[in-house]
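Participant: coordinates only, sequence not included:
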C-alpha cells in the first residue's frame, strides 16, 4: 500500500489512515482547517483567565508530578514551562526517522488543535511551520515508559520550537537556532500550560506503532506473494484454497486470504503439470495452511489499525479544559497512559513474527530435496556448491530473534516519579521494537523470494501464473539465477529492498483490495 498527497489540510480529530500513511511515505505541505482556530483561541483564553484569577490549577500554575502541590508565582510561569522542557529532554539512543517525526508532529498538531489543551494558535502554527520547512526535531527513540505520555521524546520535539539543541534538515543535523533563523521562524516563549500540553501525550508511541503497522501491511502482502511462489516452486496443491473450506470456518481474514492465494496461482502451467498422477496427498502446513495463518495475521493487523487510528486523533495530554455550561473547568485525567497503543503494538509484533516464521519453514522445505523435489539447497552441483544452505540459517536466526522480540511489552511496568506514576504501559518500547522485527521478517521474505524464484527456474520451460511470472521477472531484473556459489549477501539485500518498498504486491494490488481495513 502506498499513498501520496500533494498537500494536506488537517481537520482536527478526523485524520484518516490514508492521510497518515501518506505523511509516513513523504512530506507534503500542511495547513490547518480554518475552523480550528476559534476553538484553539477559546481554549487559550481559558488558561489566561485561570492565571488572572489566581486559583491553583495543575500544570498551569503548579509544579508537576509529585510537585503538583507547589504553587508557582505568576512571574515564573514562563520559566516553569521552559524549565519543564529542558529538564525533561533526557532521551537517548538513535534518533527517530523523518517519517516517524512527521507523524509525531502531525498528530501533536491535530491533538492541540482540538481545543482541549489550552495552547495559543502560535504554538500550533510554529509546529506547522517547522513541519513545512522540513525541520525535523532530533528526537531520541529511547527514554519513555509510555505514561505520563512520551515526556522525554516530546520534550526533544519541543526543544526545536525553542531554538535549543539540534534538528535534522535534509538528513543533516544542524543547530535548531540556525535552522529556525534560516526558515524565518521565531523561537517561541512558552506561556502557562503550553510546555506540559506539548510533552504530555502518546504521539511518539503512536507514531512508532503506525510505522510498525505500515511495515506490517507490506510484509503481509509480500509474504502472501512469496508464499504463493513457494507453493508453485514446490509443486504444491491449490486445493486447500477452495472457498468452501474457508467459508465453513467463517474467519474473515482467512476467507479473504484464500481468495487472494487462488488468484495468485491461477493459470499456472506448473500447477497444471501435476494435477494428475501426483503421489502426494497433502502438503506440509507451511504451504497448505497459508490462508489460515496469513488471514489471522491480517485480522490482528486490522484490529491494531482501528486502535491506532483512534489514538492518532485523540487528545492525550493532561489536564484538559472543558466547558460546563458557561463555566470552564480543568480536569486531571490519564489519557496519557498509552495502554491501547501498547496492546496494538504487541499484536502487530505477533503478526510480524508469524509472517516471518511460516516463511522460514517454506525456505526449509524448498532446500530439502526429499520434500520439494528440487536440487539439494537449490543449486546445481551440490557439494561443490552450498547454494541456499546458509541463507536458510540466516532466515532461521532472524525468525528465532523475532520470537524473543515478540514477547509483549505491555505486560511490563515499572514505577516512576516517586511512585506517583506507579503503572506504565511501556508502549514506546513495544512500538519501537517493531522496526527491528519488520526488518528481520523482510530479510526472511527476501530469502524466500530468492529461493522460490530459483525453484521456478528449475521447472522451466513451464511457467508459473501470470501474476507470479511478473514478480519473478522483477526479481530477475535485479538478481540473476543462482547458477553457482557467489557473494550472496547483495542478492538478499536487493530482495529485502523489494519487500520493504512494497514492490512484490504492487502489480497485483487489485487482489489485495479485500484486505483493506
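Facilitator: Structure received. Owing to the predicted nature of the structure, the values given are computational and were not obtained by experimental measurement.

Participant: Checking the residue of the chain most remote from its centre next. Helix, strand or coil?
Facilitator: Relative to the C-alpha centroid of the chain, counting by Cα atoms, centre = their mean, residue 277 is the outermost residue, at 46.3 Å. Using DSSP: H, G, I helix; E, B strand; the rest coil as the criterion, the local structure at residue 277 reads coil.

Participant: Residue 104 versus that one, what's the distance?
Facilitator: In this view, residue 277 and residue 104 are 59 Å apart by Cβ to Cβ, to the nearest Å. The way it works is simple: take the backbone N, C-alpha and C, and place the C-beta from them, glycine included.

Participant: and residue 436, that one's in a helix?
Facilitator: Yes. Note on residue 436: a helix contains this position according to three-state DSSP.

Participant: wait, doesn't it sit right on residue 405?
Facilitator: Yes. Taking contact to mean Cβ atoms under 8 Å, the distance of 6.4 Å between residue 436 and residue 405 places them in contact.

Participant: and residue 471, what does it touch?
Facilitator: Taking Cβ atoms under 8 Å, 6 or more residues apart in numbering, we find residue 471 in contact with 225, 229, 449, 504, 507.

Participant: buried set for the lowest-mean-pLDDT helix or strand in the chain?
Facilitator: Sorting the helices and strands of the chain by mean pLDDT, DSSP states H and E puts strand 327-331 at the bottom, at a mean of 87. Buried residues in strand 327-331, counting neighbours by 16 or more other Cβ atoms under 10 Å, are found at 328, 330.

Participant: List the strands paired with that strand, with their directions.
Facilitator: Strand pairing for strand 327-331, using DSSP bridges, gives strand 320-324 (antiparallel).

Participant: Can you report phi and psi for residue 111?
Facilitator: Note on residue 111: its backbone torsions stand at phi -70, psi -50 [degrees, to the nearest 10].

Participant: Mind giving me the packing neighbours of the helix or strand harbouring residue 179?
Facilitator: Residue 179 is located in helix 176-182, with elements delineated by DSSP states H and E. Other elements packing on helix 176-182 under the criterion 3 or more Cβ pairs under 8 Å, 6 or more residues apart in numbering; DSSP states H and E are strand 135-137, helix 151-162, strand 166-169.

Participant: Can you give the contact residues for the helix or strand just after the shortest one?
Facilitator: The C-terminal neighbour of strand 135-137 among helices and strands, as given by DSSP H and E, is strand 140-142. Counting contacts by Cβ under 8 Å, 6+ apart, the residues outside strand 140-142 that touch it are 91, 92, 93, 94, 95, 96, 152, 153, 156, 208, 428, 432.

Participant: Tell me the buried residues in strand 140-142?
Facilitator: Those would be 140, 141, for strand 140-142 by 16+ other Cβ under 10 Å.

Participant: and that strand, which strands flank it?
Facilitator: When DSSP bridges is applied, strand 140-142 pairs with strand 92-95 (antiparallel).

Participant: got the contact list for the strand it pairs with?
Facilitator: Contacts for strand 92-95 (Cβ under 8 Å, 6+ apart): 138, 139, 140, 141, 142, 143, 168.

Participant: Would you reformat those residues as a markdown table and include distance to residue 345 and pLDDT?
Facilitator: Below are the contacts of strand 92-95 laid out as a markdown table (distance: Cβ to Cβ, whole Å; pLDDT from 0 to 100):
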| residue | distance to residue 345 | pLDDT |
| --- | --- | --- |
| 138 | 23 | 98 |
| 139 | 18 | 98 |
| 140 | 19 | 97 |
| 141 | 14 | 97 |
| 142 | 15 | 95 |
| 143 | 17 | 93 |
| 168 | 25 | 98 |
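
Participant: ok so, going back, who's in contact with the helix holding residue 179?
Facilitator: With Cβ under 8 Å, 6+ apart as the criterion, helix 176-182 contacts 130, 133, 135, 137, 159-160, 162-167, 169, 186-187.

Participant: rewinding a little: out of the helices and strands packed on helix 176-182, the one nearest residue 384 is which?
Facilitator: Smallest distance to residue 384 across the helices and strands packed on helix 176-182 (Cβ to Cβ): 49.4 Å, for strand 166-169.

Participant: So which elements touch that closest one?
Facilitator: strand 135-137, strand 172-175, helix 176-182.

Participant: Which one, of those, ends up nearest to residue 216?
Facilitator: Evaluated with Cβ to Cβ, those place strand 135-137 nearest to residue 216, the distance being 23.8 Å.

Participant: mind listing what the closest one pairs with, with the direction of each?
Facilitator: Strand 135-137 sits in its sheet next to strand 166-169 (antiparallel), going by DSSP bridges.
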